[in-house]
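Asker: Quick one, what's the 3D model for this:
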Amino acid sequence: MQITPAISCGLVIWAIVSILRAIIGGWIKLARSYGISRSVRPRDGVVRKWRLQTAYMRWLTTYGNCLIFCADSNQFFISTGWLFRIGHAPLIIPWDEVTAVRGKGLLKHIVELRFKRAPSIPIRIGRILYERLEQNFSSR
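Answerer: A predicted model of the protein is given here:
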């Protein structure tokens with residue numbers, strides 16, 4: 001199969017947009033502090049997973065229905081689906097480095113998460129997702 005110039009150009013644009021989104025939203029800054037290598041992953045059966053989740057980061061960067069959240073009693077894990085992985089290293093964040101502030105978004109209740117090693121980068125998630133994550137944290 002031959003790759004046409006249009007497909008090549010589309011893939012390059014996709015990669016550039018993904019990297020810019022990671023820079024603008026702050027994902028890259030979080031990855032410097034909390035990023036993990038590909039070989040380290042939460043093990044199935046040890047943690048709960050919530051797929052196709054939405055989160056909002058700084059400067060109106062939205063990750064709509066493309067995130068995977070996992071949690072156990074010590075930490076939580078955030079990654080993107082494989083299609084959006086360029087520029088978005090998976091993150092493992094210890095619960096003791098997270099500050100959560102409940103609030104109200106435009107249409108739903110949200111929780112803003114702030115992180116000890118990257119305090120200028122918020123992640124805003126829905127209240128229901130946060131409560132599910134919190135249940136796993138509280139179970140220790």
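Asker: going forward, measure contacts and count neighbours with C-alpha atoms only.
Answerer: Noted.
Asker: Quick one: distance of the lengthiest helix in the chain to the chain centre.
Answerer: Counting residues, the longest helix in the chain under DSSP state H turns out to be helix 5-25. Taking CA atoms, centre = their mean, to the nearest Å, the mean C-alpha location of helix 5-25 is offset from the chain mean by 18 Å.
Asker: for this structure, which spans come out with low pLDDT?
Answerer: Within the chain, the stretches with pLDDT under 70 are 1, 37-47, 137-140.
Asker: for the chain, what spans make up the helices?
Answerer: Ranges of helices in the chain, per DSSP H, are 5-25, 27-34, 127-138.
Asker: Could you take these and lay them out as CSV, with extra columns for mean neighbour count?
Answerer: Output for those, formatted as CSV (neighbours: other CA atoms under 10 Å):
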stretch, mean neighbour count
helix 5-25, 14
helix 27-34, 19
helix 127-138, 16
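Asker: Show me what the longest helix of the chain packs onto, helices and strands only.
Answerer: Applying 3 or more CA pairs under 8 Å, 6 or more residues apart in numbering; DSSP states H and E, one finds that helix 5-25 contacts no other helix or strand.
Asker: Now tell me what touches it from outside.
Answerer: Here helix 5-25 makes contact (CA atoms under 8 Å, 6 or more residues apart in numbering) with 28-29, 57-61, 84, 86-88, 121.
Asker: wait, which of those is closest to Leu67?
Answerer: Closest approach to Leu67 among the contacts of helix 5-25 (CA to CA): Phe84, at 9.2 Å.
Asker: Excluding covalently adjacent residues, which one is nearest to that closest one?
Answerer: The shortest distance from Phe84 to any non-neighbouring residue, by CA to CA, 6 or more residues apart in numbering, is to Ser18 (6.8 Å).
Asker: angle of the longest helix of the chain against helix 27-34?
Answerer: On the basis of axes from the mean of the first three to the mean of the last three CA atoms, to 10 degrees, helix 5-25 is oriented at 60 degrees to helix 27-34.
Asker: So for this protein, the centremost residue is which one?
Answerer: Closest residue to the average C-alpha location of the chain: Ile78 at 4.2 Å, with CA atoms, centre = their mean.
Asker: With that, I have no additional questions.
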